[in-house]
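Enquirer: need coordinates for the below:
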Amino acid sequence: MSRIGRMPIAVPAGVTVVIAENNNVTVKGPMGELNRTLVPEMAIKMEGEEIIVTRPNDLKRNKALHGLTRTLINNMVVGVNTGYIKKLEVNGVGYKAAKSGKVLTLNLGYSHPIEMNDPDGIESIVEGNVITIKGIDKEKVGQYAAEIRDKRRPEPYKGKGIKYSDEVIRRKVGKSGKK
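Expert: Purely as a prediction, here's the structure:
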């Protein structure tokens, strides 16, 4: 059995889970509502205050989907209950981020500023050189953070660029002046 897939998902108070036909799962909580259609092979059942995912057989595809299905449902439950946060740091002389309405403006040493619109359900907050991305969908939060980081990845010599706050940049030694 899959170690992750076997674990039950605890549903906290204030969160309701509705499992419809074709494994259409809807999760409502204090922060919002998420809806996702999962693979029909997996059996998803509510037992009291827990959700249990079981697989029909031990085919390789079903083994792989077992843990994935459980994790996707768990991410939905956590998202509507507490939400997800990613923090990015802007490092470099003259590099800065600004927010006006739903538009994030990045000045990253290019000849023009980069403007990005916040996707639906995602909120970005700029405080100094830190960009905080908040939302209830883990996939969307991570994707938007990755897109922002991709505009200017951190370089290994001075560490200039946009990096995750918990990311460690492996530094390289620059060239020496003597032969």
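Enquirer: which residues of this protein fall in helices?
Expert: 3-6, 60-81, 138-150 (DSSP state H).
Enquirer: could you pull out the buried residues of the longest one?
Expert: This means helix 60-81. 62, 65-81 (16 or more other Cβ atoms under 10 Å). Where C-beta positions appear, they are placed from N, C-alpha and C, glycine not excepted.
Enquirer: what of stretch 4-23?
Expert: So for stretch 4-23, counting by 16+ other Cβ under 10 Å, buried means Gly5, Ile9, Val11, Val15, Val17, Ile19, Asn23.
Enquirer: just give the closest residue to the fifth one, not the sequence neighbours.
Expert: Just to be clear, that refers to Val17. Leaving out its chain neighbours, the residue that sits closest to Val17 by Cβ to Cβ, 6 or more residues apart in numbering is Val27, at 5.3 Å.
Enquirer: so the one you found makes contact with Thr16?
Expert: Yes: between Val27 and Thr16 a contact is recorded at 7.4 Å, counting by Cβ atoms under 8 Å.
Enquirer: what about stretch 169-176, how long is it end to end?
Expert: 21 Å (Cα to Cα, to the nearest Å).
Enquirer: mind checking pLDDT for Arg3?
Expert: In this model, Arg3 is scored at 87, pLDDT.
Enquirer: which ones are touching it?
Expert: Gly67 (Cβ atoms under 8 Å, 6 or more residues apart in numbering).
Enquirer: and for Asn107?
Expert: Asn107 neighbours (Cβ under 8 Å, 6+ apart): Gly94, Tyr95, Lys96, Ala97, Ala98, Pro113, Ile114.
Enquirer: what residues are bridge-paired with it?
Expert: Asn107 forms beta bridges with Lys96, as assigned by DSSP bridges.
Enquirer: ok, Lys45 next?
Expert: Ile52.
Enquirer: for this protein, which segments are assigned as strands?
Expert: Ranges of strands in the chain, per DSSP state E, are 9-10, 16-20, 24-29, 32-37, 43-47, 50-54, 84-91, 96-100, 103-107, 114-117, 122-127, 130-135, 161-164.
Enquirer: turn those into a markdown table, columns for mean pLDDT and distance to Arg170.
Expert: What follows is the strands of the chain, written out as a markdown table (pLDDT from 0 to 100; distance: least, Cβ to Cβ, whole Å):
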| stretch | mean pLDDT | distance to Arg170 |
| --- | --- | --- |
| strand 9-10 | 94 | 37 |
| strand 16-20 | 93 | 42 |
| strand 24-29 | 94 | 39 |
| strand 32-37 | 94 | 36 |
| strand 43-47 | 92 | 42 |
| strand 50-54 | 93 | 38 |
| strand 84-91 | 96 | 15 |
| strand 96-100 | 95 | 24 |
| strand 103-107 | 96 | 24 |
| strand 114-117 | 96 | 26 |
| strand 122-127 | 95 | 27 |
| strand 130-135 | 96 | 22 |
| strand 161-164 | 96 | 12 |
